[in-house]
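1. Dropping the sequence and predicted coords here.
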Amino acid sequence: MSAAAVEGAGEGFVFSEKPIELVSGDGVHLTGADGTDYLDFGASYACAPLGHCPPGVVDAVQEQAAELLYVQGSYPVRARTELYDRLGAVAPGDISKVWLCNSGTEANEAAMKFARSATGDQKVVATKRAFHGRTLGSLAMTWKKQYREPYEPVAGGVEFVDYGDVDALADAVDDDTAAVFLEPVQGEGGVNPATAEYLRAARDVTADAGAALVLDEIQTGLGRTGTLWACEQAGVVPDALTTAKGLASGLPMGATLVADWLAEDAGNHGSTFSGGPVVSAAANATLTELVERDLPGHAADVGDYLRTELSAAVDAHDLPVREVRGEGLLVGVEVKRGANAMLRDFALQHDILALPAGRSVLRLLPPLVVEERHVDRVVDAFVEVLGE
């Protein structure tokens, strides 16, 4: 790492630089500038579902880049049109209208705008500990004050309720509500899964009020929780679903999938880089491989193994852990001491990369191609780090 890079890093930055320079990736591994081979159990915030540099995606990107790098969205291009069709085909239920963008926060802002335009209402209900993005509209629905306060005033009309509390949600949603935004599993908020009953209640409450149910599947979608979309496990079809992160294997791509009634009254919304040819080609290749290899099913199996082995290790070694929780390969381990210290020891002592979810939760988000042998290595390191 250069001296300039070290001097530029600090607590005031969203991403303070870590003392590990990464130069290449292959599958579930990343290689440092010093030649160290790291096992990636963070997948860069779930942005590498197929692992790093998946050959099919690399080939698709190179072929598209040689043919056409960019043309704006009002001109049909093969890669973008194919992605519209592909996303519509795999969408849960009938939310097959697709808006393409560059990130998860943009996808959520689009859903908020669509809901307000279609309903004529302004109020949005979100949940405590929610994270929906960092631009001003999505930031308004992000609960943590340290994210919002430096940039206020953010978009208004947002009310927060306790996550998982059906009565609180029902009390908050009224005739003035445009949308309810929910994560099927809160990621940044601590890896907190919603019950199927809660998601079904949210579906009923919003339908009764004429409001849109928006499910933020930016972290839970694309097979991460054991089905292509987490909402499928509850049998819930929202009015809008947002996805991003791994959609194009780490290239900047987001999407908002919406029902007809939202699409018809979506208002005037646009983006210069909506569905660029290269990122659309990457997304097509990513979705094809996710479905053809049944990586959601693989994530369910290996995720179950990961949670089972972690829980067994906690019991066998009396480790200072409050809970192991999650769905599929979105796993949180709530520890009784700081998660950041654990992350440091994982990386520097065991060459394993992971993520925090708040101060006390270790978040594990490996690529969906991870195997049980990789889990065994992580569990062994987990025991050593926490058992010290």
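-> Nice, thanks for sending it over. Residues are numbered from 1 along each chain as shown.
2. For stretch 352-359, measure first residue to last.
-> Start-to-end span of stretch 352-359 (CA to CA, to the nearest Å) is 19 Å.
3. buried stuff in that stretch?
-> Buried residues in stretch 352-359, counted by 16 or more other CB atoms under 10 Å: Ile352, Leu353, Ala354, Leu355, Pro356, Ala357. In short, each C-beta sits where N, CA and C put it, glycine included.
4. Distance to Arg148 added to these, as a markdown table?
-> Formatted as a markdown table, the buried residues of stretch 352-359 follow (distance: CB to CB, whole Å):
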| residue | distance to Arg148 |
| --- | --- |
| Ile352 | 33 |
| Leu353 | 29 |
| Ala354 | 26 |
| Leu355 | 22 |
| Pro356 | 19 |
| Ala357 | 18 |
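5. Which helix or strand in the protein has the lowest average pLDDT?
-> Ranked by mean pLDDT, DSSP states H and E, the helix or strand of the chain with the weakest confidence is helix 3-8, at a mean of 35.
6. After that one, which helix or strand is next?
-> Per DSSP states H and E, the first helix or strand lying C-terminal to helix 3-8 is strand 22-26.
7. Could you list the buried residues of that next one?
-> Applying 16+ other CB under 10 Å to strand 22-26 flags Leu22, Gly25 as buried.
8. what pairs with it, and is each one parallel or antiparallel?
-> The pairing partners recorded for strand 22-26 under DSSP bridges are strand 29-32 (antiparallel).
9. What residues sit buried inside the strand it pairs with?
-> For strand 29-32, by 16+ other CB under 10 Å, it's His29, Leu30, Gly32.
10. wouldn't the second one be in contact with Asp40 here?
-> Right, the one you point to is Leu30. Yes. The pair Leu30 and Asp40 qualifies as a contact (CB atoms under 8 Å) at a distance of 5.1 Å.
11. possible to save the buried residues of stretch 352-359 as JSON lines with pLDDT, distance to Trp229 and secondary structure?
-> Formatted as JSON lines, the buried residues of stretch 352-359 follow (pLDDT from 0 to 100; distance: CB to CB, whole Å; DSSP: H, G, I helix; E, B strand; the rest coil):
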{"residue": "Ile352", "pLDDT": "96", "distance to Trp229": "29", "secondary structure": "strand"}
{"residue": "Leu353", "pLDDT": "96", "distance to Trp229": "26", "secondary structure": "strand"}
{"residue": "Ala354", "pLDDT": "94", "distance to Trp229": "24", "secondary structure": "coil"}
{"residue": "Leu355", "pLDDT": "92", "distance to Trp229": "22", "secondary structure": "strand"}
{"residue": "Pro356", "pLDDT": "92", "distance to Trp229": "25", "secondary structure": "strand"}
{"residue": "Ala357", "pLDDT": "92", "distance to Trp229": "21", "secondary structure": "coil"}
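12. ok, now which ones touch Gly275?
-> By CB atoms under 8 Å, 6 or more residues apart in numbering, the contact list for Gly275 reads Gly73, Arg80, Leu83, Tyr84, Leu100.
13. Give me the three-state assignment for the first one.
-> By that I understand Gly73. Secondary structure for Gly73, judged by DSSP: H, G, I helix; E, B strand; the rest coil, is coil.
14. Can you tell me how far Cys53 is from Val314?
-> 34 Å (CB to CB, to the nearest Å).
15. again with Gly387
-> 10 Å.
16. Give me the more crowded residue out of the two.
-> A side-by-side neighbour count of Gly387 and Val314, using other CB atoms under 10 Å, places Val314 first with 21 against 11.
17. Just the contacts of Gly275: which are in strands?
-> Leu100 (DSSP state E).
18. need the contact list for the residue lying closest to Tyr70 once chain neighbours are set aside.
-> In space, and not counting its chain neighbours, Tyr70 is closest to Gly276: 5.4 Å by CB to CB, 6 or more residues apart in numbering. Residues near Gly276 by CB under 8 Å, 6+ apart: Leu69, Tyr70, Arg80.
19. what number of residues lie near the closest residue to the first one other than its chain neighbours?
-> For Leu69, ignoring the flanking residues on the chain, the nearest one in space by CB to CB, 6+ apart is Val278 at 6.2 Å. The local packing of Val278 (other CB under 10 Å) involves 21 other residues.
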